[in-house]
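Asker: What follows is a predicted structure for the sequence shown.
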Amino acid sequence: MAKGFELTAEESPSEIDARALMWTYESLDEDHEREQFFAGIPGFCSSTVVVREPLPSLNYLKSRGVAVALKWFLERTWSSHLLSKTIKIRRFVICIRAIDAAHISRTADELFSEFA
């Protein structure tokens, strides 16, 4: 059964991947959910299932919208007085890894210049 799901996913149009990825992110309500989403980006980008080119979901990850979402997430994290320094650093590292995996360093560079 699992093999059948995998084959179906491999044969699905890649536009579905992008819509599912966007829908997943947009449905997140809590920062800990966003943290998990961003932490999963490196694994998603390096997945052997994600091999089609050009893949809209990877293009979506490279979009300015994702960089803006990462910046917003970091700003909320950094400005919070309720989070420990350990959590703030962990989230910063997660965002850096997501930026690297999605190859959005140029866009992120523009957005994150105020953190430098």
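Answerer: All right, it came through fine. Everything numeric in this text was worked out from a predicted model, so none of it was measured. Numbering: from 1, shown residues only.
Asker: Please enumerate the helices of the protein.
Answerer: 2-11, 14-26, 31-45, 56-61, 64-79, 85-102, 105-111 (DSSP state H).
Asker: worst average pLDDT in those?
Answerer: Comparing mean pLDDT over these, the weakest stretch is helix 2-11, at a mean of 54.
Asker: follow-up on the earlier one: mind putting the helices of the chain in JSON lines, mean neighbour count included?
Answerer: To be clear about C-beta, it is placed using only N, CA and C from the backbone, and glycine gets the same treatment. What follows is the helices of the chain, written out as JSON lines (neighbours: other C-beta atoms under 10 Å):
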{"stretch": "helix 2-11", "mean neighbour count": "9"}
{"stretch": "helix 14-26", "mean neighbour count": "14"}
{"stretch": "helix 31-45", "mean neighbour count": "17"}
{"stretch": "helix 56-61", "mean neighbour count": "18"}
{"stretch": "helix 64-79", "mean neighbour count": "16"}
{"stretch": "helix 85-102", "mean neighbour count": "17"}
{"stretch": "helix 105-111", "mean neighbour count": "15"}
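Asker: Could I get the pLDDT score of Ser12?
Answerer: So, for Ser12, pLDDT stands at 54.
Asker: Could you do Glu30 as well?
Answerer: pLDDT, read off for Glu30, is 93.
Asker: Around it, count how many other residues there are.
Answerer: 8 (other C-beta atoms under 10 Å).
Asker: I'd like to know how far it sits from Ile94.
Answerer: 15 Å (C-beta to C-beta, to the nearest Å).
Asker: ditto for Pro42
Answerer: Counting by C-beta to C-beta, the separation of Pro42 from Ile94 is 9 Å.
Asker: go on, Lys88?
Answerer: 11 Å.
Asker: swap in Leu28?
Answerer: For Leu28 relative to Ile94 (C-beta to C-beta), the value is 14 Å.
Asker: Just list the residues touching the closest residue to Leu83 other than its chain neighbours, thanks.
Answerer: Sequence neighbours aside, Thr77 is the residue nearest to Leu83 in space, at 6.3 Å (criterion: C-beta to C-beta, 6 or more residues apart in numbering). Neighbouring residues of Thr77 by C-beta atoms under 8 Å, 6 or more residues apart in numbering: Asp31, Leu83, Ile87, Lys88, Arg91, Phe92.
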